[in-house]
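Visitor: Below: sequence and its predicted model.
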Amino acid sequence: MKKNIDLGMLIIRIAIGFPMSVYGISKLIHGIGFIEDMMIMYGLPSFFAYGVFVGEVIAPVLLILGFRARLAGLIFAANCFTATLLAQTANIFKLNDFGGWALELLVIYMLVSLSFFFTGAGKYAGSTQNKWD
């Protein structure tokens, strides 16, 4: 069977972009008050909470489309890293109820999105290739 790396990259873009965008849509519907509260708790300006929309709505959509995938991957990874630092540090050394690492999904999102920074979107992308695709 012939390898189709570009199709595989498209599937991966959808596999991480769609579920993360659901988190973002939920925040669009229900608000980000709890994130604003976390920002204040850590001594950061509450308006930083609005960055979650860039990391959980815009970046995932750009990844799915393959448009500016390198930049979107970097933003997506930064969003996951920030979520880990602000909300998940208590889980770094914990297991979930099934014996898996409590942070596995968030770390998978972070590492896969970071990989797009290094690889780009592949052939099935919504833009012509340049240094940020």
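Guide: That came through fine.
Visitor: Every contact and neighbour count from this point should use C-alpha atoms.
Guide: Fine.
Visitor: element containing the spatially most central residue of the chain?
Guide: The centre of the chain sits closest to Phe76, judged by C-alpha atoms, centre = their mean, with a distance of 3.4 Å. Per DSSP states H and E, Phe76 falls inside helix 69-87.
Visitor: Who are the packing partners of that helix?
Guide: Applying 3 or more C-alpha pairs under 8 Å, 6 or more residues apart in numbering; DSSP states H and E, one finds that helix 69-87 contacts helix 59-65, helix 104-119.
Visitor: got the contact list for Asn79?
Guide: Val52, Gly55, Glu56 (C-alpha atoms under 8 Å, 6 or more residues apart in numbering).
Visitor: Next, work out how far apart the closest residue to Ala125 other than its chain neighbours and Met1 are.
Guide: Excluding its sequence neighbours, the residue lying closest to Ala125 (C-alpha to C-alpha, 6 or more residues apart in numbering) is Gly66, at 4.1 Å. According to C-alpha to C-alpha, to the nearest Å, Gly66 and Met1 sit 25 Å apart.
Visitor: Over to Leu62?
Guide: Counting by C-alpha to C-alpha, the gap from Leu62 to Met1 is 30 Å.
Visitor: Check Phe118 too.
Guide: 26 Å.
Visitor: Which one's more surrounded, these two?
Guide: Phe118 (15 against 3; other C-alpha atoms under 10 Å).
Visitor: Skipping its backbone neighbours, what lies nearest the more buried one in space?
Guide: Spatial nearest neighbour of Phe118, excluding adjacent residues (C-alpha to C-alpha, 6+ apart): Arg70 at 6.8 Å.
Visitor: what about the one you found, how many residues close to it?
Guide: 26.
Visitor: Val112 is in contact with that one, correct?
Guide: No - Arg70 is beyond contact range of Val112, at 11.5 Å (criterion: C-alpha atoms under 8 Å).
Visitor: Tell me the residues that contact both of these two, please.
Guide: The overlap between the contact sets of Arg70 and Val112 (C-alpha under 8 Å, 6+ apart) is empty.
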